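A.B. asks: mind looking at a prediction? Sequence and model below.
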Amino acid sequence: MTNKVALITGVTGQDGAYLSELLLSKGYTVHGIKRRSSMFNTDRIDHLYEDPHVENPRFILHYGDLTDSMNLTRIIQEVQPDEIYNLAAMSHVKVSFDEPEYTANADGIGTLRILEAVRLLGLAQKTRIYQASTSELYGLVQAVPQSESTPFYPRSPYAVAKLYAYWITVNYREAYGMFATNGILFNHESPLRGETFVTRKITRAAAKIVLGLQDALYMGNIDAQRDWGHAKDYVEAMYLILQQETPEDFVIATGVTTRVREFIRKTFAFLGVEVAFTGTEANEVGTIASIDTLRLQELGIPIGDHLKEGTVILKIDPRYYRPTEVELLIGDPTKSMEKLGWKPKHTLDMLIEDMATADLRLFQKDQLLLKEGFGVLNYYE
Ligand code: NDP
Ligand code: GDR
């Protein structure tokens, strides 16, 4: 067990929650930065919450924002962290086209604010920094599989902001000898994934559709290909990157790529429904080809009229298309496997099982509550 102190920005997000759990299990004291919000935004970490009145708490939250240098500098000065994991970001690629300036400020300059605070506070030789870099940096395909030496070609305001963050991290390492590193992580998902990212949108919608709580799923480009892993495996890699002797950048990926349409097909199949795709591009639809009644029974899904063969359950809505798309991502994790000894434990099928099961349980619970007269669910309004 260690007695190190870590500071995590973005602690309320998917990765922040899993990384907090991991570091606490290793004996770390974990400080997290959360944003002020008009509603509670700590759902993912509530189980880690410690009453601030107990002596020597090991999980401590601070209000803060990546757009506020003074706030970040004060927190870093107070915490004196051995390690900083900079996970905070406006992380939605499509939304970054709507909020490009804010995205640049939080995701790009936010990283600079942290690096500069560490340097100015005299912590350059003490504090190790992990920057949450991304496979979105590769953007328009230059070569596959994408490795640490593949050229970048960002395709969104998000990716351009992250490109600045990537290079400023490298620059502070080279200029000031700081232990500042980039994890270039490919897409990673989990039951804690934000609801508007494609995998979670699919697992939530599929669960609702089989339960008869939603008619259809509206999607954008279902031919995009992504290298999807499980967030639990990827936070292990973040930790390992900061435990190395020398600061280096690493690609973290599974090396397997899958189309969005295949993720859809597999998710419904797991829930006992075979989907067939017909038509092309914006006119494509997904219909129920067959249902596996035994499977539905096994999962406790009542078989109703909504699960008839030929029913349209998927449509394309061009509003989900992006002005510039990243069509193909497939990572080469050779370096991280060799140097970090890292290897993903979850396959895509295991990931889908984890996510679809969690969402099915979630909506079965809602359905039960509703049946018993508790709570009004907004999808009935
Ligand atoms: P999430 O969107 O789930 O979490 C983002 C976190 O950042 C949330 O805690 C959010 O707070 C916080 N945040 C957003 N803006 C600010 C701000 N201005 N100041 C302070 N905090 C802020 O992302 P993930 O957990 O999936 O990803 C973690 C990081 O890794 C992100 O930087 C993302 O860009 C990057 N990344 C993610 C990949 C993935 O596949 N998940 C792959 C590669 C990189 P709140 O809860 O209040 O919204
Ligand atoms: P991505 O993830 O953009 O790769 O960024 P997302 O799940 O949003 O999209 C993946 C692919 O699916 C296509 N797609 C849709 N996407 C969404 N969200 N909604 C839809 O309805 C839909 N239909 C098709 C997209 O066009 C895209 O090709 C994620 C984020 O976590 C980033 O922060 C991170 O850096 C990268 O992964 C690696």
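C.D. replies: Received the coordinates, thanks. Ligands and ions are numbered 1, 2, ... in the order given.
A.B. asks: and the contacts of the lengthiest helix in the chain?
C.D. replies: Counting residues, the longest helix in the chain under DSSP state H turns out to be helix 348-371. Helix 348-371 is contacted by residues 189-191, 193, 199-200, 203-204, 206-208, 210-211, 213, 228-230, 254, 256, 258, 263, 266-267, 270-271, 299-301, 346, 375, 377, 380 when judged by C-beta atoms under 8 Å, 6 or more residues apart in numbering. C-beta here means a position set from N, CA and C on the backbone, and glycine is covered the same way.
A.B. asks: and that helix, C-alpha only, in PDB?
C.D. replies: Only the C-alpha atoms of helix 348-371 are listed here, as PDB (Å, rounded to 0.1, in the frame of the first residue of the first chain):
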ATOM      1  CA  LEU A 348     -16.100  -6.200 -26.800                       C
ATOM      2  CA  ASP A 349     -18.700  -8.900 -26.000                       C
ATOM      3  CA  MET A 350     -17.900  -8.600 -22.300                       C
ATOM      4  CA  LEU A 351     -18.300  -4.800 -22.500                       C
ATOM      5  CA  ILE A 352     -21.600  -5.100 -24.200                       C
ATOM      6  CA  GLU A 353     -22.800  -7.700 -21.700                       C
ATOM      7  CA  ASP A 354     -21.800  -5.400 -18.800                       C
ATOM      8  CA  MET A 355     -23.500  -2.300 -20.300                       C
ATOM      9  CA  ALA A 356     -26.600  -3.900 -21.600                       C
ATOM     10  CA  THR A 357     -27.200  -5.800 -18.400                       C
ATOM     11  CA  ALA A 358     -26.800  -2.600 -16.300                       C
ATOM     12  CA  ASP A 359     -29.200  -0.700 -18.500                       C
ATOM     13  CA  LEU A 360     -31.700  -3.500 -18.600                       C
ATOM     14  CA  ARG A 361     -31.700  -3.600 -14.800                       C
ATOM     15  CA  LEU A 362     -32.100   0.200 -14.600                       C
ATOM     16  CA  PHE A 363     -35.200   0.300 -16.800                       C
ATOM     17  CA  GLN A 364     -36.700  -2.900 -15.300                       C
ATOM     18  CA  LYS A 365     -36.500  -1.200 -11.900                       C
ATOM     19  CA  ASP A 366     -38.100   2.000 -13.400                       C
ATOM     20  CA  GLN A 367     -40.800  -0.100 -15.000                       C
ATOM     21  CA  LEU A 368     -41.500  -1.900 -11.700                       C
ATOM     22  CA  LEU A 369     -41.700   1.400  -9.700                       C
ATOM     23  CA  LEU A 370     -44.100   2.800 -12.300                       C
ATOM     24  CA  LYS A 371     -46.300  -0.300 -12.200                       C
END
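A.B. asks: find the closest residue to ligand 1 in the protein.
C.D. replies: When scored by C-beta to the nearest ligand atom, the chain has residue 13 as its residue closest to ligand 1, at 2.1 Å.
A.B. asks: who's in contact with that residue?
C.D. replies: 44, 87, 88, 91, 194.
A.B. asks: keep only the residues you listed that also lie close to ligand 2.
C.D. replies: residue 91 (C-beta under 6 Å from any ligand atom).
A.B. asks: alright, calling it a day.
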